[in-house]
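Colleague: here is my input; please provide its structure:
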Amino acid sequence: MSIKIRNLTVNPNPLIASDILPVDPSATATTVSNTVHDIINCGPSNVASGTHARTIGNANTASGNASVCLGYNNISSGLESIAIGSTNTSAGQISVTIGQANSAGGYCSKCIGYGNYAAGDISSAIGYQAVTVNYNETAIGFNVNSISLCQSGIVGFSTTTTNNTPLRMYLDGLSATQYFIVSINTVYRVRVYVTAIDATGEIATFSGAGTLLNNAATVTLVSALSMTLIESTGAMSAASVAVTADNTNKALNITVTGIASNVKWIARIDYDAVSIT
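Modeller: The predicted model follows:
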């Protein structure tokens, strides 16, 4: 049975590969393997080699299992990755690219716009030629003058302290390798916000701002970045925060000092960055 709506005949049955009508005469619509819908190509010069992969358009390659390509000349090689638009590459697992000439290599990374590059896990590069290399970093690019790096972004840190021993914060809250990496030959204007709460509900909040520079692989703060205690209650008035440049790891370091209690910490860095070359 079919249903006619304004001269359009609609098949109410589930879509199968034979229902797909290629626009180009040279295109093919195929289902591969013993299971229906395992692999579907729709359009000329497409390759869907991953299990449950899908391609629609022209010259796309979906090699990752359960990956999808829509548009022209896209590549989805990561597991469960998606590339939509033109000349995008989604190589990271569960990565997504939408637009043109984007590349998402980090786990669960996302690119939306033109010429963006998301290398950090769970990072998002949006706009025009934004670059994210850090874990869970979000950047908006507005590189209209073809500068190597011209963007604003945000990154977050977290940790837990149980005493008054200084402790470095990391982007994933755990790994001693998840630094906020500072790109070479780039200046950052950073604004740092830190919030903490202890097991009894006492709190402390801090803020500070400064300028961070990576000049020829030497990372420095142009001047000392002092953190100001904005609010505190009870014993949390003794908590403190220090922000320093880490030239060894080419990063920015946030160190927190708590009290003799279980204290949860979160820090956020907002930045504006522009490169020298």
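Colleague: what residues sit buried inside the helix or strand where T205 lies?
Modeller: Taking DSSP states H and E as the criterion, T205 maps to strand 203-215. For strand 203-215, the neighbour count (16 or more other Cβ atoms under 10 Å) marks A204, T205, F206, G208, G210, L212, L213, N214 as buried. Heads up, the C-betas are built off the backbone N, CA and C, glycines and all.
Colleague: may I see these organised as a markdown table, with distance to V131 and pLDDT added?
Modeller: Below are those laid out as a markdown table (distance: Cβ to Cβ, whole Å; pLDDT from 0 to 100):
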| residue | distance to V131 | pLDDT |
| --- | --- | --- |
| A204 | 34 | 98 |
| T205 | 30 | 98 |
| F206 | 28 | 98 |
| G208 | 25 | 98 |
| G210 | 22 | 98 |
| L212 | 16 | 97 |
| L213 | 17 | 97 |
| N214 | 14 | 97 |
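Colleague: quick check, nearest of those to S226?
Modeller: The closest of the buried residues of strand 203-215 to S226 turns out to be G208 (Cβ to Cβ; 5.7 Å).
Colleague: what about the chain, any weak spots by pLDDT?
Modeller: 1-38, 144-147 (pLDDT under 70).
Colleague: S237: what secondary structure?
Modeller: helix (DSSP: H, G, I helix; E, B strand; the rest coil).
Colleague: now for it: which residues touch it?
Modeller: A204, L229 (Cβ atoms under 8 Å, 6 or more residues apart in numbering).
Colleague: same question for A273.
Modeller: With Cβ under 8 Å, 6+ apart, A273 has these contacts: L149, C150, Q151, S152, G153, S183, T186, V187, Y188, R189.
Colleague: quick one: the residue sitting nearest the centre point of the chain and C111, what's the gap?
Modeller: Nearest residue to the geometric centre of the chain (Cα atoms, centre = their mean): S123, 1.3 Å. Separation of S123 from C111 (Cβ to Cβ, to the nearest Å) stands at 9 Å.
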